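1. My questions are about this predicted structure, shown below with the sequence.
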Amino acid sequence: MTTHTRYHNFSAGPGALPLSVLEEAQRNFLNHEGKGAGLMEMSHRTKPFESVLYAARDTLAELYGLPDTHEVLFLQGGAHLQFAMVPLNLGAGAYVDTGVWASRAYEEAARVGPAWKIWTDKANNYRGVPAFGTSFDVPADAKYLHYTTNNTIYGTQWHHVPETTLPLVSDMSSDFLSRPLDLGRFALVYAGAQKNAGPSGVTIVIGRKDLLRTFTGAATVPLIMRYPIHAENDSMYNTPNTFGVYMVGLVAKWVKAQGGLAGMAAQAEEKAGRIYGVLDAHPDVFEPHAAPESRSRMNLTFRLKGGADAEKTLLAAADAAGIVGLKGHRSVGGLRASLYNAVPRESVEALARLLEDFAKR
Ligand SMILES: Cc1ncc(COP(=O)(O)O)c(C=O)c1O
């Protein structure tokens, strides 16, 4: 398959992967690096897989400039499993509610034990995130503050790290690897790989070694739900998603070749700027969902002033132009364009032109 037979893919996740990564995986699919079998057919206890996992781990650490105090794990179960593992391992947390996933994290924590929702934008249908400098009123018993860096459904994103004296825990599923960030400031972050980092089925957890290697939760917590069991076994306590970890490693290598996280951030700013530029140029046609200061560079959400009929017309035109994945999440309606790292500039240009043509009809 060549580039022009692939869609312009704006899916919210699983989302677009870099073509060169897919091609490299394809070349290795049947015979991994000349070892005589595909990686999926090899034990995770073999040297070829171990070196795949260590390389993926080290490249992620290098991209973030991760300090020695922190380490990288590859788990399974998606962000949802982390919604549960975080409170099971770290105890009671204070949660910032910026949308569906943030409130799911809170609800899961509230099932495990005490949890506090300390801020919510629900009444405003999650158009924003707390402003820079917001101080949170946190209960004395809270062990950490949890927030979601990018709200995939609403198209909002934090452009700063919250001010708090509590250890920070963050769901970075939909903007992981999209910008430089000092992860040394965080107690723990997690991200399902399926947006910016690889295929579904792998969850990246990056956290402070002292937290990941010392279990302080209840004796009834199963071993598989404890961070130390995964940390002490180099993410190979049970069989990892071997092929998924391999893909994350290839994507991380690709990000490095793109100028690392600073390179990704520059591209994201340019790509998102192009589309927001079109939306803002036609306020009589498009209505962005997110408050301007909270706009996401990953997921751009907007409605059409012309309502459902106009949406249908635009989606049909998109389909004809090979542009897919634009339908918004049901809780926001309208349209959503996810401009993840691997969405090429040509696709963004195709979308910009589609929107411009639509506005000029
Ligand atoms: C920010 C965020 N958190 C959590 C999830 C849920 O992830 P998973 O399906 O990997 O559990 C998603 C999925 O879209 C997401 O975007």
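-> Great, that's in hand.
2. and this protein, which residues reach the ligand?
-> Within the chain, the positions adjacent to the ligand are 13, 78-80, 101, 148, 152, 171, 173-174, 192 by CB under 6 Å from any ligand atom. To be clear about C-beta, it is placed using only N, CA and C from the backbone, and glycine gets the same treatment.
3. Adding secondary structure, pLDDT and neighbour count, write these out as a markdown table.
-> Output for those, formatted as a markdown table (DSSP: H, G, I helix; E, B strand; the rest coil; pLDDT from 0 to 100; neighbours: other CB atoms under 10 Å):
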| residue | secondary structure | pLDDT | neighbour count |
| --- | --- | --- | --- |
| G13 | coil | 96 | 19 |
| G78 | helix | 98 | 18 |
| A79 | helix | 98 | 19 |
| H80 | helix | 98 | 14 |
| W101 | helix | 98 | 22 |
| T148 | strand | 98 | 28 |
| T152 | coil | 98 | 26 |
| D171 | strand | 99 | 27 |
| S173 | coil | 98 | 26 |
| S174 | coil | 98 | 29 |
| G192 | strand | 98 | 29 |
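4. quick one: which of the residues you listed is nearest L22?
-> Comparing the residues of the chain next to the ligand against L22 with CB to CB places G13 closest, at 16.2 Å.
5. ok, that closest one touching A342?
-> No. With contact defined as CB atoms under 8 Å, G13 does not reach A342; the gap is 11.5 Å.
6. residues near N125, how many?
-> 12 (other CB atoms under 10 Å).
7. Now do the closest residue to the ligand within the stretch 201-350 of the chain: how many residues are near it, please.
-> For the stretch 201-350 of the chain, the residue closest to the ligand is T203, as judged by CB to the nearest ligand atom, at 6.8 Å. Counted with other CB under 10 Å, residues neighbouring T203 total 25.
8. How many neighbouring residues does the residue lying closest to it once chain neighbours are set aside have?
-> Of all residues not flanking T203 in the chain, L75 sits nearest, at 4.6 Å (CB to CB, 6 or more residues apart in numbering). Neighbour count of L75, defined by other CB under 10 Å: 23.
9. what about L75, distance to A231?
-> According to CB to CB, to the nearest Å, L75 and A231 sit 10 Å apart.
10. Was I right to think Y227 contacts E71?
-> No. Y227 is beyond contact range of E71, at 10.0 Å (criterion: CB under 8 Å).
11. Look at these two and report which has more neighbours.
-> Legend: neighbour count by other CB under 10 Å for Y227 and E71, higher for Y227 (24 against 19).
12. In contact with the residue of the chain found nearest the ligand, which residues?
-> The ligand sits closest to G78 of the chain, with a gap of 2.6 Å, by CB to the nearest ligand atom. Each residue near G78 by CB atoms under 8 Å, 6 or more residues apart in numbering is listed here: 192, 200-201, 203.
13. just E62 next, same as before
-> K256.
14. Confirm it sits in a helix?
-> Yes. Counting by DSSP: H, G, I helix; E, B strand; the rest coil, E62 is located in a helix.
15. ok, now which ones touch E287?
-> 302-305, 334.
16. Out of the residues you listed, which end up buried?
-> Of the members of these, the ones counted as buried by neighbours, 16 or more other CB atoms under 10 Å, are 302-304, 334.
17. So which residues of the chain form strands?
-> For the chain, the strands defined by DSSP state E cover 8-9, 70-75, 93-97, 115-120, 144-148, 150-151, 156-157, 168-171, 188-192, 203-208, 286-288, 299-304, 323-324, 335-338.
18. Would you convert those into JSON lines that also reports distance to N28?
-> Shown next, in JSON lines, are the strands of the chain (distance: least, CB to CB, whole Å):
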{"stretch": "strand 8-9", "distance to N28": "22"}
{"stretch": "strand 70-75", "distance to N28": "19"}
{"stretch": "strand 93-97", "distance to N28": "41"}
{"stretch": "strand 115-120", "distance to N28": "44"}
{"stretch": "strand 144-148", "distance to N28": "34"}
{"stretch": "strand 150-151", "distance to N28": "31"}
{"stretch": "strand 156-157", "distance to N28": "34"}
{"stretch": "strand 168-171", "distance to N28": "31"}
{"stretch": "strand 188-192", "distance to N28": "24"}
{"stretch": "strand 203-208", "distance to N28": "21"}
{"stretch": "strand 286-288", "distance to N28": "41"}
{"stretch": "strand 299-304", "distance to N28": "31"}
{"stretch": "strand 323-324", "distance to N28": "27"}
{"stretch": "strand 335-338", "distance to N28": "27"}
